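>>> curious how this folds, go ahead:
(chains A and B)
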Protein chains: 2
Amino acid sequence: MQEKYSDIIIIGAGPAGMVAAMGSAMTYIDKSVTVIRENEKLLVPCGIPYIFGKTLGSIQKDEIECGGHNPLVEKINRVVASVKRVDIENKTLYTDDSVYTFDKLIFATGSTPFVHKNFENALNLPNVFTIDKNFDHLAHLKKTIDENRKIIVVGTGFIGVEVACEIASINKEVSIVGGGHILAGSFDKDMTMEAEELMKDLGINLVLGQHAQEVIHENSRAKGIKLCDGTVIEADVIILATGYKPNTSLAKEAGLKLARYGGIWVDEYMRTRNKDIFAIGDCSGRRDFITRDPSKVMLASTSSAEARVAVSSLYKVSVLKGFNGTIAIFSTMIKDRVFASAGITEKEANNQNIDIVTGYFEGLNRHPGTIPDTAKQSVKLVVMRNSGRIIGGQVVGAKEAGEMINIIGLAIEAELTVYSLISLQVATQPLLTAAPTNYPIVQAASVAFANSQRKD
Amino acid sequence: MQEKYSDIIIIGAGPAGMVAAMGSAMTYIDKSVTVIRENEKLLVPCGIPYIFGKTLGSIQKDEIECGGHNPLVEKINRVVASVKRVDIENKTLYTDDSVYTFDKLIFATGSTPFVHKNFENALNLPNVFTIDKNFDHLAHLKKTIDENRKIIVVGTGFIGVEVACEIASINKEVSIVGGGHILAGSFDKDMTMEAEELMKDLGINLVLGQHAQEVIHENSRAKGIKLCDGTVIEADVIILATGYKPNTSLAKEAGLKLARYGGIWVDEYMRTRNKDIFAIGDCSGRRDFITRDPSKVMLASTSSAEARVAVSSLYKVSVLKGFNGTIAIFSTMIKDRVFASAGITEKEANNQNIDIVTGYFEGLNRHPGTIPDTAKQSVKLVVMRNSGRIIGGQVVGAKEAGEMINIIGLAIEAELTVYSLISLQVATQPLLTAAPTNYPIVQAASVAFANSQRKD
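Below you'll find the model as predicted:
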């Protein structure tokens, strides 16, 4: 056993781990930084759906160097090994062939696919897959898709939808199965009707409104999916895209407290109960920014933000404010249309018994509408009736909607109200944006304001 | 003389006037609203540069209905007439054939081209033009450009640059003349080097670094421009794009106080000294959001924001906060690249003796970089050294940069600091944005933060 010391050790080299490693190397120039990861080959996690179809077309195109081409990487000790045990009291961890001691430890162990109980056994079948973020697993899934014809995707979240659309782009027969409308966690139904039509245009068979109940199999191969109502859909390949769960077995064995939904419990500064041990990214226990409830949202951008907070709080909590909870903030593209969402939906706000009004505006993304690439653009805002606080927003439009949602996200994070948005100063340009008189975020805020004044 | 009464009268039907009219009609359901405008035909002001080249190709494509297709328009009394005189004391105004009395009056009389003293006489020549926002004038300019070959554009602001690029798109010989680098009011030189190269690619002759001194003419026609160093550039058509000035002759004659730079003096709620008389848009006197100095910035989006504030304050100042000053926030596109700016530049901050640091980051607008339409994207932030307040930002990238600048604009307007931006939660998506680990606004904030910690 080799014995080694590093001031800062990070377990995991996903987005959270790498941002923490880079940030530590940049901020604490005199400290040694080590990242220990399990897999030699690293992938861009959000890029995974695009390896299956026309967009990237190969898994190699989604591969990244550990740390990219940043010169800071040279400073970081990068180790490929599996951490077997962490001894928090003695600030020591063990891999197969080494013992590391450390001053600060950051868990960034990520997440693994979540599969409903009814489907756990089916994972032993050779043609049933999850979207595990593992190179060899995904290379095998890609090969299996390429060699087969009928594919079922179970799950209608972002990953399920993106995987289904990509596979449809290479002329497979794709069905997608889910209990409600697509992307239901992030969008109200009125904002995703168009998305469902676009998926049908791509030739995808939408099986919505009832859950998949079990995998049907024969001769040790899956034959299809049986729905709640007994209908069977046949398939050559079944992909379970039913979410992820925090990967915390190591932390649990080390005696760290877990939060509800299984993430490692952390405070505002990403510290566990032990001030030298941090947890960031998908493996950490998150709270929702708006409801303060435990949150299941897993996002690489949130993970990166958490990593930055952890770095700045590693030795002393610095001026940087803590992480005020997770804002669900997503975007995706179906055909040439973008669907983006931030914060809470109208439906979820009603479920949570929050007194809200909404504001909706539909306009064009260029002005005048005679500009050649003009497309429809619509914005919905979810606003607290009395305070006017923006707590959610959804945008449907062309590619720029992917950045517009970040304007709404910032408004949520900065705790702004419709009153500020109504007089918001924005850059508008004929070739790039909606008209200044009809800028959709401002107009939706005006409508929400008018709705809040109305006596029901 | 016909005598008429309207509760609310708005003079001018540009962006400010129309947003005020629509807003008044929506907010004050029982009040009568009248808009009086001079020109029968209305244009989208920001679309004007695009009538000259390939993008729109005709002035008709930039025409808009007064108020568009909004059903509220029916409620608004729309009059085409020239207002001759306003009697504020008696709440009366006069057109050629009518006398109107009112309760509330909003000046939205806009702006007219500004021309340096040396050039005023040249405007009498038939081939010297300004970009006046007048249908017949612009139709005549377009015809003259189409019939000629060599064009000089004097002025390197947004309008000058956009007009030059559009004219170059129809194979004219275009020169652009200005005293410094292009777009110098909104960008530091490091951010517009690329823009100058792109303009050269379009075949435009860039004559920068010295001012145009006078128009050379012969037989009552302009022949060209003489520069400060005596060089003469010949041309068939000369376009003076040297800015605009508030159109306030009516307000001045009515006895209203003017601010520095000639705009109508208004308070935080867009009220003149008389609480029943408002001024909004380019004709109003503006203050800069950051320096609080008088501001010359004229923007349709700012005008729209001012209109909304005026509407909400028309009868009683409502909960809506006032207008905290003008943020210069612009975007434009040269070839396929977008240049966008908000707030103050590094150069201007130094001129104003503000203690700043900057943060610069260059990355890609997609992730991984193997996504087909990946392009470079760079962000520069200007930050107050001690407080960390964001006071300026510049973005260069593909089309989505037109919305990214609105994220920075909102950060400026909401008085956010780099500390908030470092842990900003953003939506990132392979097909739409930079990587979560390298989101350029967050990365530029991190760099600015690191720079602020450095002891010089």
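
>>> which element is residue A:5 on?
Using DSSP states H and E, the element containing residue A:5 is strand A:2-11.

>>> which SSE is immediately downstream of that strand?
Moving toward the C-terminus from strand A:2-11, the next helix or strand (DSSP H and E) is helix A:15-27.

>>> what's that next one packed up against?
strand A:2-11, strand A:33-37, strand A:76-80, helix A:300-312, helix B:440-453 (3 or more CB pairs under 8 Å, 6 or more residues apart in numbering or on different chains; DSSP states H and E). Glycine gets a C-beta too; all of them are placed from N, C-alpha and C.

>>> of the ones you listed, which stretch is the most buried?
Ranked by mean neighbour count, the helices and strands packed on helix A:15-27 are led by helix A:300-312 with a mean of 28 (mean count of other CB atoms under 10 Å in any protein chain shown).

>>> just the angle between that one and helix A:15-27, please?
30 degrees (axes from the mean of the first three to the mean of the last three CA atoms, to 10 degrees).

>>> and the helices in the stretch 351-456 of chain A?
For the stretch 351-456 of chain A, the helices defined by DSSP state H, counting those that start in this stretch occupy A:401-413, A:418-422, A:440-453.

>>> close to chain B: what parts of the stretch 201-350 of chain A are there?
Residues of the stretch 201-350 of chain A found near chain B (CB under 8 Å from any CB of the partner chain) are A:289, A:299-306, A:308-309, A:312, A:319-321, A:323, A:326-327, A:329-333, A:338, A:340-342.

>>> so where is the stretch 301-450 of chain A shaky, pLDDT-wise?
Confidence mapping of the stretch 301-450 of chain A against pLDDT under 70 gives the ranges A:319-322.

>>> hmm, try it at 50
Along the stretch 301-450 of chain A, the model assigns pLDDT under 50 to no residue.

>>> and the strands in it?
Ranges of strands in the stretch 301-450 of chain A, per DSSP state E, counting those that start in this stretch, are A:329-334, A:337-343, A:356-364, A:376-384, A:390-397.

>>> go through those and name the closest to residue A:414.
With CB to CB as the criterion, residue A:414 lies closest to strand A:390-397 of the strands of the stretch 301-450 of chain A, at 9.2 Å.

>>> is that closest one up against chain B anywhere?
No - residues of strand A:390-397 are not located near chain B by CB under 8 Å from any CB, the shortest gap being 9.6 Å.

>>> and that strand, what does it pack against?
helix A:189-201, strand A:337-343, helix A:346-351, strand A:376-384, helix A:401-413, helix A:440-453.

>>> and those: which comes nearest residue B:378?
Closest to residue B:378 of those, according to CB to CB: helix A:401-413, at 14.8 Å.

>>> walk me through the domains of chain A.
Listed by automatic domain parsing, the domain ranges of chain A are A:2-111+A:245-312, A:115-242, A:338-453.

>>> now do stretch A:238-245: distance from first to last residue.
End-to-end distance of stretch A:238-245 (CA to CA, to the nearest Å): 20 Å.

>>> what do you get for stretch A:431-438?
15 Å.

>>> that older thread, okay, the angle between the strand holding residue A:5 and helix A:300-312?
Using the same axes, to 10 degrees: strand A:2-11 against helix A:300-312 is 120 degrees.

>>> quick one: mean pLDDT for strand A:2-11?
The average pLDDT for strand A:2-11 rounds to 96.

>>> now stretch A:184-201
In this model, stretch A:184-201 has a mean pLDDT of 96.

>>> in it, what counts as buried?
Neighbour counts over stretch A:184-201 (16 or more other CB atoms under 10 Å in any protein chain shown) mark A:184-188, A:191-192, A:194-196, A:198-199 as buried.

>>> check stretch A:326-341 too.
Under the neighbour-count criterion of 16+ other CB under 10 Å, stretch A:326-341 has A:326-334, A:337-341 buried.
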